[in-house]
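1. I would like the atomic coordinates for the input below:
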Amino acid sequence: MAIDNALDVCWNGKPDEVAFLVEFMLWECSLDQAPEREEVIEWEKVLHKRGGKFERYAKLCHDWLRQNP
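-> Model prediction:
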């Protein structure tokens, strides 16, 4: 899975693909590779719209945004 299509993964990915993307990009990659705040806002919106299993990942985005103003 290429990280450059992150928004597509958020819209169309399976839960395990979304989990990898969100957890890696928000908590494990270096700061110079971390996504821009605006990008994470879009991920959060998309994952919230997808609902169900994806709500957990929307919350991770929300938490990251709160911790990284």
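2. sec struct for Met25, please.
-> Put simply, Met25 is helix when judged by DSSP: H, G, I helix; E, B strand; the rest coil.
3. wait, doesn't it sit right on Leu7?
-> No - using CB atoms under 8 Å, Met25 is not in contact with Leu7; the gap is 11.7 Å. C-beta: built from backbone N, CA, C; applies to glycine.
4. same drill for the two, tell me which one is more crowded.
-> The neighbour comparison of Met25 against Leu7 (other CB atoms under 10 Å) goes to Met25, with 20 against 13.
5. run through the helices of this structure in chain order.
-> Along the chain, counting by DSSP state H, helices occupy 6-12, 15-23, 37-50, 55-67.
6. packing partners for the second one?
-> Going back to what we said before, that points to helix 15-23. helix 6-12, helix 37-50, helix 55-67 (3 or more CB pairs under 8 Å, 6 or more residues apart in numbering; DSSP states H and E).
7. may I see the buried residues of that helix?
-> Val18, Ala19, Phe20, Leu21, Val22 (16 or more other CB atoms under 10 Å).
8. okay, and for this protein, where does confidence drop off?
-> Residue ranges of the chain with pLDDT under 70: 1-4.
9. which residue is nearest the centroid of it?
-> Relative to the mean C-alpha position of the chain, the nearest C-alpha, by CA atoms, centre = their mean, is the one of Val22, at 3.7 Å.
10. show me what contacts the residue lying closest to that one once chain neighbours are set aside?
-> In space, and not counting its chain neighbours, Val22 is closest to Tyr57: 4.6 Å by CB to CB, 6 or more residues apart in numbering. Contacts for Tyr57 were tallied using CB atoms under 8 Å, 6 or more residues apart in numbering; they are Val18, Ala19, Val22, Trp43, Leu47.
11. now do Tyr57 against Leu47, distance only.
-> Noted for Tyr57: a distance of 5 Å to Leu47, by CB to CB, to the nearest Å.
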